[in-house]
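> need a 3D model of the following:
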Amino acid sequence: MSATLEGIEAQLKRYNPMADVSGLEDAYRFALEKHAGQVRKSGEPFINHPLEVCMILASLNLDTATLQAALLHDVVEDSAVTLKEMRERFGLEVAALVDGVTKLGRIKFSSLAEAQSQNLRKMLIAMAKDIRVILIKLADRLHNMRTLAALDPEKRRQKAIETMEIYAPLAHRLGISSIKWELEDLAFYYLEPRKFQQIQKMVAESRAAREEYLERVIRQLSGELEAIGVQSEIAGRPKHLYSIYQKMSQRGKDFSEIYDLIALRVIVDSVKDVYGALGTVHSIWKPVPGRFKDYVAMPKFNMYQSLHTTVIGPAGRPLEIQIRTEEMHRTAEYGIAAHWRYKEGGKTDESFDERLAWLRQMLEWQTELKDPREFMEALKIDLFEDEVFVFTPKGDVVSLRRGSTPIDFAYAIHTEVGHHCVGAKVNGSIVPLGYELQMGDRIDILTNKSSGPSRDWLNIVKTSSARSKIRNYFSKMNRVDDLQNGRDELTKILRKQGIGLGSQGMNKALDAVAEEMNYQASDDLLASIGGGKTSSKQVATKLIKHISKSTGAIKEAKESAPTLLPTTPMTPPRAKRRRTQSGVRVKGIDDLLVRLARCCNPVPGDEIVGFVTRGRGVSVHRKDCPNAGELLSQPERIIDVEWDTEQASTYQVEIVIEALDRTRLLQDVSIAMADAGVNVLSAAVSTDRQGIATMRFLFELGDMDQLNKVLSTLRSVDGVFEARRMIPEGGGKGA
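Have a look, this model is predicted:
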């Protein structure tokens, strides 16, 4: 039976007797006028669609403004009416709801994927401002799915896929199971018609025996609950074909093994009675281990609350039972729509905004995704229904997508905690960062302020929020590096012309060149040079042309350039000195054999001391070397030495690294050292029972500055909490 305005008004009066229906009637007349002559693919008058959408929303007990918007939701998209006209006639509230569900039809997109993603993005942004936007859209999609047979097969398949991947998960996220189940079953019917009919047939064949069994169970349980004074309403739970198909296909179960084919729903008066009824159920029938879930004490992200238990009922058959209060049941059926009434008239439900926090978080990272395909994939991932509850060290509950890792948890706590995460303890034990979190895990994140994210994390994390924050971090880091590299490269070229980059005139010229080359700012131009996307020579040529137009600017730029040549009279060249092999020379003596002691491996920048050895020249130690302490007691063997700063040499250094052991740790450390430009001569790696890896490397480098850079790079590797130069611990034959 088709929906009518009278039927909608009657439904509205049932849950809101004081409602003013005049606005509803005005909206209907306006929609009827604007849709006059329009028909749907099925051949029926177009006005039937907004009426059906309005009736679906009325069954969710929504307010009058939402029902008005439902009647008008296609007027702007399918007629010449503008939003301005809509605001003038029906007010800002109704017009905003209509705008939220109106597609971006007048904008040309390069592809169907881009159009779909931009329309969804627009809807989600409007939804964050007013949740009723998505309720209208879900009702619109539900009626379209009910009448999908009128479309051609390819269109039917496209709509069914979109419904299964986007709209059914959205309904689940909002807790509206009454819409979610129907959307899934309708999409399943069009995507897998043979499997749909097969499961439908199996369910129908077992219906008579199942209903007889349920009547027997209901009588027994009802009597037991009445005996302890618990008022209850018990009924069989509806069966949804798509959920049966999922359990058969994804979990490899036979039709006879699916527990919720035989299921009861018990509705009681209070939370106390919920747990009282559970005790009664378990006293009658034995519970199946591992099949009890308490969503009353720990609600799902979509506000769902209920106790779930599976017991071995009469005749040894598994029986699933859900126990909840009337309010919990209403929330389970209508989700966020059941709580909308708290928002009317200025009243607010304290937890209402918290329940929508996931939506605002989702929109935060979505604004950064420009690629339509990337946006759609990320949206599908974020709408997945499976979740896992874990605990912070203080006992706070954090809900994450199933399969999440400690890194996802760290970013869920705070962005900075995620950035500086180097390890994690789960239930008191150290675990790899790729560990899959389990229900009830207690997690403690280990951090190091000098550490940052690893690109490998993008292959580990499961939540879109964590992935977005990691990408953001590297995007900013790359820009900083590119900006500095670009500035250095441009400065180097300009110096050859005796021109500096830091003058006021040059800065103005740089801004002008950036604008000329279609960059928003000069920093963007410099970052592009540093990233290799723009030629520094081309930019330098343009800069010189710009400043050549102003004599003052040229003078200022040349004065700001660093002096490259000596301004004092040149001193006569010194006599050519013999090159040293070790990079150290003995003061006043050129032809003495000098070698660096292997016990402490000094490098330029270290304080050093020389010792004369028998037949082996001079041995050079660091002053803090333990071996030097013994030799200093023989002053007659001490000789003055100094670093030969005019000569490029390589030196050997030994370092030690301590890290939380994980897969590919040694590979990441090796890559970091290679990137730092050092040549590894030897390595030793060991791991203790606590999961701490100790690595020692001997390598060649140029000076102390390079060593500090290497150590800094290594400390940023995922899991590394210490990287230091080896300090000899005792004496030995070092000289």
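> C-alpha from now on. contacts and neighbour counts both.
Fine.
> name the residues of the helix ranked longest in the chain that come out as buried.
With DSSP state H setting the assignment, residue counts place helix 464-495 as the longest helix in the chain. With burial defined by 16 or more other Cα atoms under 10 Å, the residues of helix 464-495 counted as buried are 464-471, 479, 482-491, 493-495.
> quick one: that helix to chain centroid distance?
Its chain's C-alpha centre and that of helix 464-495 lie 22 Å apart, by Cα atoms, centre = their mean, to the nearest Å.
> report all helices and strands that that helix contacts.
Using 3 or more Cα pairs under 8 Å, 6 or more residues apart in numbering; DSSP states H and E as the contact criterion, the elements in contact with helix 464-495 are helix 357-366, helix 372-382, helix 406-413, helix 522-530, helix 536-547.
> same thing but at 6 Å, please
Under the contact criterion of 3 or more Cα pairs under 6 Å, 6 or more residues apart in numbering; DSSP states H and E, helix 464-495 touches helix 522-530.
> what is the helix it packs on packed up against?
With contacts defined as 3+ Cα pairs under 6 Å, 6+ apart, helix 522-530 has these neighbours: helix 464-495, helix 504-516.
> in TSV, list those helices along with mean pLDDT.
Below are these laid out as TSV (pLDDT from 0 to 100):
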stretch	mean pLDDT
helix 464-495	78
helix 504-516	79
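> nearest to Pro289, out of those helices?
The closest approach between Pro289 and any of the helices and strands packed on helix 522-530, judged by Cα to Cα, belongs to helix 464-495 at 33.8 Å.
> report the angle between that closest one and helix 536-547.
Going by axes from the mean of the first three to the mean of the last three Cα atoms, to 10 degrees, helix 464-495 is angled at 60 degrees with respect to helix 536-547.
> helix, strand or coil for the nearest residue to Ile8 once chain neighbours are set aside?
In space, not counting the residues next to it along the chain, Ile8 is nearest to Met55; the distance is 5.6 Å by Cα to Cα, 6 or more residues apart in numbering. Under the three-state scheme (DSSP: H, G, I helix; E, B strand; the rest coil), Met55 adopts helix.
> burial count for Met55?
The burial metric for Met55, expressed as a neighbour count using other Cα atoms under 10 Å, is 25.
> please report how far the residue nearest the centre of the chain lies from Ile407.
Most central residue of the chain, judged by C-alpha distance to the mean C-alpha position with Cα atoms, centre = their mean, is Ser465 at 2.0 Å. Shown here: Ser465 relative to Ile407, a distance of 11 Å by Cα to Cα, to the nearest Å.
> cool, and Leu494?
Summarising the geometry, the distance separating Leu494 from Ile407, computed by Cα to Cα, is 45 Å.
> next one: Asn485
Here Asn485 is placed at a distance of 31 Å from Ile407 (Cα to Cα).
> which residue ranges of the stretch 501-650 of the chain form strands?
For the stretch 501-650 of the chain, the strands identified by DSSP state E, counting those that start in this stretch occupy 584-586, 594-596, 608-612, 618-622, 638-639, 641-643, in order along the chain.
> other SSEs contacting the third one?
So the one you mean is strand 608-612. With contacts taken as 3+ Cα pairs under 6 Å, 6+ apart, strand 608-612 sits against strand 618-622, strand 638-639.
> so what's Val641 bridging to?
Counting by DSSP bridges, Val641 forms beta bridges with Val586.
> quick one: neighbours of it, just the number.
For Val641, the tally of surrounding residues (other Cα under 10 Å) stands at 21.
> that older thread, and the strands of the stretch 501-650 of the chain, which is most packed in?
Among the strands of the stretch 501-650 of the chain, ranked by average contacts under mean count of other Cα atoms under 10 Å, first place goes to strand 618-622 (a mean of 25).
> just the mean pLDDT for that strand, thanks.
Confidence for strand 618-622, expressed as mean pLDDT, is 82.
> keeping just the C-alphas, turn it into PDB.
Provided in PDB are the C-alpha atoms of strand 618-622 (Å, rounded to 0.1, in the frame of the first residue of the first chain):
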ATOM      1  CA  VAL A 618     102.900   7.200  17.400                       C
ATOM      2  CA  SER A 619      99.600   5.700  18.700                       C
ATOM      3  CA  VAL A 620      96.800   8.300  19.000                       C
ATOM      4  CA  HIS A 621      94.100   7.800  21.700                       C
ATOM      5  CA  ARG A 622      91.100   9.800  22.900                       C
END
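> measure the closest residue to Glu52 other than its chain neighbours to Asn48 for me?
Using Cα to Cα, 6+ apart and skipping the chain neighbours, the partner closest in space to Glu52 is Ala3 (5.4 Å). Using Cα to Cα, we find Ala3 at a distance of 7 Å from Asn48.
> ditto for Gln68
Gln68 sits at a distance of 15 Å from Asn48 (criterion: Cα to Cα).
> please say which of those two ends up with more neighbours.
Comparing Gln68 with Asn48 by other Cα under 10 Å, the one with more neighbours is Gln68, at 25 against 17.
> what helices or strands is the helix or strand harbouring the more buried one leaning on?
Take DSSP states H and E as the rule and Gln68 turns out to sit in helix 64-72. On a contact count with 3+ Cα pairs under 6 Å, 6+ apart, helix 64-72 meets helix 22-34, helix 48-58, helix 83-101.
> make JSON lines from these and add distance to Arg401 and mean pLDDT to it.
Conversion of these to JSON lines gives the following (distance: least, Cα to Cα, whole Å; pLDDT from 0 to 100):
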{"stretch": "helix 22-34", "distance to Arg401": "41", "mean pLDDT": "91"}
{"stretch": "helix 48-58", "distance to Arg401": "30", "mean pLDDT": "92"}
{"stretch": "helix 83-101", "distance to Arg401": "28", "mean pLDDT": "88"}
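> and the ones you listed as a markdown table, adding distance to Gln305?
What follows is those, written out as a markdown table (distance: least, Cα to Cα, whole Å):
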| stretch | distance to Gln305 |
| --- | --- |
| helix 22-34 | 34 |
| helix 48-58 | 23 |
| helix 83-101 | 29 |
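> which stretch among the ones you listed is buried most, on average?
Ranked by mean neighbours (mean count of other Cα under 10 Å), these are led by helix 48-58, with a mean of 23.
> about what we covered before: between the strands of the stretch 501-650 of the chain, which gets nearest to Asp444?
Asp444 lies closest to strand 618-622 among the strands of the stretch 501-650 of the chain, at 41.6 Å (Cα to Cα).
> for that closest one, give me every contacting residue.
Under the criterion Cα atoms under 6 Å, 6 or more residues apart in numbering, residues 594-597, 602, 607-612, 735 lie in contact with strand 618-622.
> from those residues, pick the one nearest Glu333.
Nearest to Glu333 among the contacts of strand 618-622: Pro602, at 73.7 Å, using Cα to Cα.
> in space, what's closest to the closest one - neighbours in sequence excluded?
In this structure, Pro602 finds its nearest non-sequential neighbour in Arg622, 5.6 Å apart by Cα to Cα, 6+ apart.
> and what of Gln38?
Once chain neighbours are set aside, the closest to Gln38 by Cα to Cα, 6+ apart is Phe46, at 5.5 Å.
> next: Val710.
Closest residue to Val710 in three dimensions, ignoring its sequence neighbours and counting by Cα to Cα, 6+ apart: Ala676, at 5.9 Å.
> burial of the one you found, as a residue count?
A total of 18 residues lie near Ala676 under the criterion other Cα under 10 Å.
> ok, Thr405 next?
23.
> isn't it right next to Gln438, touching?
No - counting by Cα atoms under 6 Å, Thr405 sits too far from Gln438 to count as a contact (9.3 Å).
> no further queries at this time; thank you.
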